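Chemist: Got a sequence here, can you build the structure:
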Amino acid sequence: MAATTHTTKGKSKSSATAKKATPTNAITLLKADHKQVKTWFDDYEKTEADTLKAKLSEQICQALKVHMAIEEEYFYPASREVLKADQEDMVDEAVVEHAGAKELIVQIEAMEVGEELYDAKIKVLGEQITHHVEEEEGEYFPAVQKTDLDLEALGAKMAARKEELMAKTKRANGQKIQ
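Modeler: Predicted coordinates for the structure are as follows:
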């Protein structure tokens, strides 16, 4: 039997019989990404093994690049259209925060685990992402949920684009991001 989904003002409630799949609600999808990356940052902090650090930092950087791409391509433009004029600064701040994270990612990807400042750059990236997530989940997402933005339709587009970008990443790296 298929799961039923009811949408009310951009919010969804799925039945308990729903299979665990890629979320289609845009905010649910983004929060799931946030949670996964936080886990990887936490794991990085706990390990001393360079091989595991290398794997985790690669996963973090690739996942963040894909996540930022779907936010910038879909979520930010769509939410900008429905937010009140005095709320659009949240979108601007998110874009600027992404720019800072992207710069650190470029630096990290140009380095090897064990190089001077490598661990510090991962730590600072984690702190920047934590701040960014707190603002998105604490202010930005709730503001968007109060609008009539169709988060299910937007989420479906974002999920499809995420799959496409992840597939490109897998082909480019010859491995799977878990």
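
Chemist: What strand or helix carries the most centrally placed residue in the chain?
Modeler: Central residue check for the chain by C-alpha atoms, centre = their mean: the C-alpha nearest the mean position is that of H67, 3.8 Å away. In this structure, H67 sits in helix 50-70 according to DSSP states H and E.

Chemist: Model confidence for the nearest residue to the residue nearest to the centre of the chain once chain neighbours are set aside, exactly?
Modeler: Once flanking residues are discounted, H67 sits nearest to D33: 4.6 Å by C-beta to C-beta, 6 or more residues apart in numbering. For every residue, glycine as well, the C-beta is placed using N, CA and C. For D33, the pLDDT comes out at 97.

Chemist: What's the separation between D33 and M158?
Modeler: Remark: distance between D33 and M158 (C-beta to C-beta, to the nearest Å) = 10 Å.

Chemist: again, but for K55
Modeler: 26 Å.

Chemist: If you count surrounding residues, which of those two has more?
Modeler: Comparing K55 with M158 by other C-beta atoms under 10 Å, the one with more neighbours is M158, at 27 against 19.

Chemist: Now name the helix or strand holding that one.
Modeler: Judged by DSSP H and E, M158 forms part of helix 151-173.

Chemist: list the buried ones in that helix?
Modeler: 151-152, 154-159, 162, 165, 169 (16 or more other C-beta atoms under 10 Å).

Chemist: again, but for stretch 84-99
Modeler: 87, 90-91, 94, 97-98.

Chemist: what does it contact?
Modeler: 68, 71-72, 76, 79-80, 83, 128, 131-132, 135-136, 139-140, 143 (C-beta atoms under 8 Å, 6 or more residues apart in numbering).

Chemist: neighbour-wise, which of those leads?
Modeler: Result: S79 is most packed of those (other C-beta under 10 Å), 25 neighbours.

Chemist: now the helix or strand where that residue lies: mean pLDDT?
Modeler: S79 belongs to helix 76-82 when elements are defined using DSSP H and E. Average pLDDT, helix 76-82: 97.

Chemist: Figure out how far that helix is from the centre of its chain.
Modeler: 17 Å (C-alpha atoms, centre = their mean, to the nearest Å).

Chemist: cool, stretch 127-138 as well?
Modeler: The answer for stretch 127-138 is 11 Å, by C-alpha atoms, centre = their mean.

Chemist: Other residues contacting that stretch?
Modeler: Looking at what lies outside stretch 127-138 - C-beta under 8 Å, 6+ apart - the contacts are 30-31, 34, 37-38, 41, 64, 90, 93-94, 97-98, 100-101, 104.

Chemist: follow-up on the earlier one: tell me which two of the contacts of stretch 84-99 sit farthest apart.
Modeler: Pairwise distances across those (C-beta to C-beta) peak at 23.0 Å, for the pair L83 and Q128.
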